[in-house]
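Student: Pasting a predicted model and its sequence here:
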Amino acid sequence: MHTTLFRRAGTLALAAALFTGTAVQAADPSALEARQQDLDVLYQSLERYHPDLFANTPEADFLALKAEIEGRLAAESQVDFVLDLQRLAALAGDSHTQVSLNAVADQVRFYPVVLTWYDGHWYLTTAEEGQAELLGQEVTAINGHSMEEVLAAFSTLLSADNPVKLRRQYRQSCNVADLYESVGLVPDGGDLELTLAGGQVLSVEPLEAAALAQVSLARLSDHQMASPVTAATGDAYWSAALDSGTYYIQYNTCQEDPELPMETFATQVQTELDAGDYSRILVDLRNNGGGSDGVIWPLLAVLRQEMDDGAELVGLIGETTFSSAIINAVELQEMGAVLVGEPTSGSVDHFGSVGTFALPNSGVRAGVSTKFIDLGTLLDADAGRGVVSLEPDVAVPQTLADALAGRNTAVEWLLAHPERLEPKAYPDAPLTRGRFVGLLYAAAGSPAAPEAAFPDLLGIEWYLPAIGWAQAAGITNGTADGTFAAVRPLTWQEAAVFLVRAAEALGLEPAAVRSAPLPAALANGAWDPAALEKAWSWGLLPEDASASHGINRSQGIAMAEALQALL
């Protein structure tokens, strides 16, 4: 199994590409020509390297904004020019495609405040020392605009493909005065006016970057009573026992630690697990912003074996979970793990594999996605999701009160709830071949099964024993090319064949319970009409089976239950 797993892991790793803009730079361009050239290089590079630049915004809108920017190139400040470049990139609606503001970081102005999101609310978490008594109060509006309106305004400037990413991007730049002015929330040079939950309005003046460094700031984090043992560290990954039954792994970056290679770490984890009697293993991805998704695979092999031996695997996700860490989180779900925590800033399917380049005159750096990563073509767990934030199966948000008390809300909740957790059902998601065989296997009582021999299996799937059982029992011989195609959507013809062969393998002799004829639409183009007729007359195919619609998970459960009822 491990050979298959690591061969497949290599194909999943999504390495970033590095490239440069190809526009020819004039020998000595004027300031206006230099800006025009940078704008052209940005647009041409986005258009050339992005796999589908106009997926979310029509090309006409890109060109209209580009023309609008060209109309103010001569008059706007360098900061506003760079913000315009970012505004153009943000039209892609892609969290990975963006322009860096680092080139003008010393030119922007700041408000000496920071807002932080906890459990559905924005709180003032940094302010000038003289306003320290206001720390921890909820912020409900900014300059008369609700927080929802503020985020909507920032969406024109910040690159994001889901609301959680937009919220995170805003939180990371919520004290930059030039951004508020650029989106029209604050007049040029105006104060930031924060409306607090009690009705008080805090007015904050913008400061130059150099002046901000001289301001004495009060931070809510300074009042934190303690740090939990699971607090984020600078280590790439580490592990520890939380109690006699719970083993904890913190995976903070999808990068190899040269001083502790993942193979070595995985072996250490295996040794510690073997020495204990752990019923639950936690894998914490809440601090992981991505890297290379293939790094974790030696650890997944260890965790797969522990799950096969009866341990429960739980993944922890949160706002910071992004990019390759999203892939790893969905891989945990593919293994049968339950995800706990908060929605992620990374989307399940997403543009990624970022290439970077510098604009020829300003030196402003930009990143552009070079691939679309459709996890639905690789993992059953992704079926039917798309470009959306990865949602936890069990929502347990970190609260402000717990953060100040030094408690990890999700971990403490898990320690207080040792019962085995259930994943979300997603009943309307497309039913894949792998999942359906898994349902039939469970209906048959999950008998002992040999290892599946299909070369396209990852080696970590929760339904892996089911495929081994189905192959050995003659329920499936795979596809014409020798693969199993586990994540391909199941057809009604395939469902009928699997059901009939499963009934025969279980020694069942079903009687006809349905006299109505097989719908002609289901029979059209059938390559095994006899199996369709049998599955229909035996009542194994649902009444709502329709050739015009694919099979969803709830229908798959119904078919498996119908087979189980014959036992």
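Tutor: Cool, got the structure. Numbering: from 1, shown residues only.
Student: Now do the residue nearest to residue 119 when sequence neighbours are not counted: how many residues are near it, please.
Tutor: Of all residues beyond its chain neighbours, the one nearest residue 119 is residue 397 (4.3 Å), with distances taken as CB to CB, 6 or more residues apart in numbering. (C-beta placed from N, C-alpha, C; glycine too.) Using other CB atoms under 10 Å, residue 397 has 17 neighbouring residues.
Student: thought residue 160 was touching residue 169?
Tutor: Yes: using CB atoms under 8 Å, residue 160 is in contact with residue 169, at 5.6 Å.
Student: pretty sure the residue nearest to residue 119 is touching residue 343, no?
Tutor: No: contact criterion CB under 8 Å: residue 397 and residue 343 do not qualify, at 9.2 Å.
Student: can you confirm residue 355 is in a strand?
Tutor: Yes: note on residue 355: a strand contains this position according to DSSP: H, G, I helix; E, B strand; the rest coil.
Student: wait, isn't it in contact with residue 371?
Tutor: No: using CB under 8 Å, residue 355 makes no contact with residue 371, being 9.8 Å away.
Student: tell me the contacts of residue 313?
Tutor: By CB atoms under 8 Å, 6 or more residues apart in numbering, the contact list for residue 313 reads 280, 281, 283, 303, 306, 307, 332, 335, 336, 337, 338.
Student: my bad, should have said residue 347
Tutor: Counted by CB under 8 Å, 6+ apart, residue 347 has contacts 95, 161, 162, 165, 326, 386, 387, 388, 389, 390.
Student: Include neighbour count and secondary structure when you put those into JSON lines, please.
Tutor: Shown next, in JSON lines, are the contacts of residue 347 (neighbours: other CB atoms under 10 Å; DSSP: H, G, I helix; E, B strand; the rest coil):
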{"residue": "95", "neighbour count": "27", "secondary structure": "coil"}
{"residue": "161", "neighbour count": "25", "secondary structure": "coil"}
{"residue": "162", "neighbour count": "21", "secondary structure": "coil"}
{"residue": "165", "neighbour count": "24", "secondary structure": "helix"}
{"residue": "326", "neighbour count": "28", "secondary structure": "helix"}
{"residue": "386", "neighbour count": "12", "secondary structure": "coil"}
{"residue": "387", "neighbour count": "18", "secondary structure": "coil"}
{"residue": "388", "neighbour count": "16", "secondary structure": "coil"}
{"residue": "389", "neighbour count": "21", "secondary structure": "strand"}
{"residue": "390", "neighbour count": "30", "secondary structure": "coil"}
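Student: Can you tell me which of those is closest to residue 422?
Tutor: residue 390 (17.4 Å; CB to CB).
Student: do you know how far the closest one is from residue 285?
Tutor: 10 Å (CB to CB, to the nearest Å).
Student: Show me whatever sits in contact with both of those two.
Tutor: Listed as contacting both residue 390 and residue 285 by CB under 8 Å, 6+ apart are 317, 321, 329.
Student: can those go into TSV with extra columns for neighbour count and pLDDT?
Tutor: Listed next are those as TSV, based on neighbours: other CB atoms under 10 Å; pLDDT from 0 to 100:
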residue	neighbour count	pLDDT
317	30	98
321	30	98
329	28	98
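Student: Which of these fall in strands?
Tutor: Residues of the shared contacts of residue 390 and residue 285 located in strands (DSSP state E): residue 317.
Student: Including distance to residue 347, could the shared contacts of residue 390 and residue 285 go into JSON lines?
Tutor: Below are the shared contacts of residue 390 and residue 285 laid out as JSON lines (distance: CB to CB, whole Å):
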{"residue": "317", "distance to residue 347": "13"}
{"residue": "321", "distance to residue 347": "11"}
{"residue": "329", "distance to residue 347": "12"}
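Student: which among the shared contacts of residue 390 and residue 285 gets closest to residue 234?
Tutor: After measuring the shared contacts of residue 390 and residue 285 against residue 234 - CB to CB - the closest member comes out as residue 321, at 17.6 Å.
Student: where do the helices sit along the stretch 1-150 of the chain?
Tutor: Counting by DSSP state H, counting those that start in this stretch, the stretch 1-150 of the chain has helices at residues 2-12, 31-49, 59-70, 78-90, 147-154.
Student: Which one, of these, ends up nearest to residue 471?
Tutor: helix 2-12 (13.9 Å).
Student: now the closest one: mean pLDDT?
Tutor: Mean pLDDT, computed over helix 2-12, is 30.
Student: for stretch 472-487, same thing?
Tutor: For stretch 472-487, mean pLDDT is 96.
Student: Contacts for that stretch, please.
Tutor: By CB under 8 Å, 6+ apart, the residues outside stretch 472-487 that reach it are 376-380, 383, 432-434, 437, 440, 449-450, 452, 454-457, 461, 463, 467, 469-471, 498, 501-502, 505.
Student: quick one: contacts for the nearest residue to residue 77 once chain neighbours are set aside?
Tutor: Leaving out its chain neighbours, the residue that sits closest to residue 77 by CB to CB, 6+ apart is residue 107, at 7.8 Å. Residue 107 sits next to 77, 78, 79, 209 when contact means CB under 8 Å, 6+ apart.
Student: measure the first one to residue 99 for me?
Tutor: Meaning residue 77. From residue 77 across to residue 99, the span is 16 Å (CB to CB).
Student: And for the second one?
Tutor: Per CB to CB, residue 78 is found 13 Å from residue 99.
Student: I'd guessed residue 298 sits against residue 262; true?
Tutor: Yes: using CB under 8 Å, residue 298 and residue 262 qualify as a contacting pair, with a distance of 5.0 Å.
Student: and the residue nearest to residue 119, that's in a strand?
Tutor: No: applying three-state DSSP, one finds residue 397 to be coil, outside a strand.
Student: in the chain, what secondary structure element scores lowest on mean pLDDT?
Tutor: helix 2-12 (a mean of 30; mean pLDDT, DSSP states H and E).
Student: Could you give me the buried positions within stretch 235-249?
Tutor: For stretch 235-249, a neighbour-count test (16 or more other CB atoms under 10 Å) marks 236, 237, 238, 239, 242, 246, 247, 248, 249 as buried.
Student: Which other helices and strands does the strand or helix carrying residue 304 contact?
Tutor: Using DSSP states H and E, residue 304 maps to helix 297-308. Under the contact definition 3 or more CB pairs under 8 Å, 6 or more residues apart in numbering; DSSP states H and E, helix 297-308 sits against helix 2-12, helix 262-275, strand 280-284, strand 312-317, helix 324-335.
Student: switch to 10 Å and redo it
Tutor: Packing partners of helix 297-308 (3 or more CB pairs under 10 Å, 6 or more residues apart in numbering; DSSP states H and E): helix 2-12, strand 246-251, helix 262-275, strand 280-284, strand 312-317, helix 324-335, helix 464-472.
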